[in-house]
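Undergrad: with the sequence up front, the predicted model follows.
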Amino acid sequence: EKRLPYEKPVIRSVSLVD
Amino acid sequence: MALDKVYRRDGNIVRRRVLDDTLLVPVRGELADLQRIFALNATAQQIWTALDGEHDLAAVRDDLVTRFAVEPAPAETDLLEFVAQLSAVGLIAEVR
């Protein structure tokens, strides 16, 4: 297997503004 | 959402690599839009790169299947869900 390991696409939102 | 749709990344977002993470950083826009950044995993990063305003979602899915160890069906399901998320937060726009 030459393909990369698959993981479900995830986007995390990080608030810059405590 | 159909696989013949074409999406383009928002031009107000820049991508930066920090160690193994990929961050999307808004650089222009409303103040509220500039107060958060987004972190992507490897699969999400590949999808983000592929949303170039020229290739439709079917091509993006095929690209995922070529690069990652995943079958077309789950790749398609995950892709459509992820694109809906990106669209909902305004990071991409539908071209056609």
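TA: Arrived safely.
Undergrad: ok, now how distant is residue B:35 from residue B:24?
TA: Note on residue B:35: its distance to residue B:24, by Cβ to Cβ, to the nearest Å, is 14 Å. All C-beta spots, glycine's among them, are computed from the backbone N, C-alpha and C.
Undergrad: so the two - more neighbours on which side?
TA: Ranked by neighbour count (other Cβ atoms under 10 Å in any protein chain shown), residue B:35 and residue B:24 place residue B:24 first, with 23 against 11.
Undergrad: which SS state does the more buried one fall under?
TA: strand (DSSP: H, G, I helix; E, B strand; the rest coil).
Undergrad: following the host helix or strand of residue B:7, which helix or strand shows up next?
TA: For residue B:7, the host element (DSSP states H and E) is strand B:6-9. For strand B:6-9, the following helix or strand on the C-terminal side (DSSP H and E) is strand B:13-18.
Undergrad: give me the average confidence score over the strand holding residue B:7.
TA: The average of the pLDDT scores along strand B:6-9 is 92.
Undergrad: who's in contact with residue 3?
TA: In the absence of a named chain, this looks at chain A. B:66-70 (Cβ atoms under 8 Å, 6 or more residues apart in numbering or on different chains).
Undergrad: let me rephrase: I mean chain B.
TA: So residue B:3 contacts B:56-58, B:61, B:76, B:80 (Cβ under 8 Å, 6+ apart).
Undergrad: show me those residues that map onto helices.
TA: B:57-58, B:61, B:76, B:80 (DSSP state H).
Undergrad: residue B:43: which of those is nearest?
TA: residue B:61 (11.7 Å; Cβ to Cβ).
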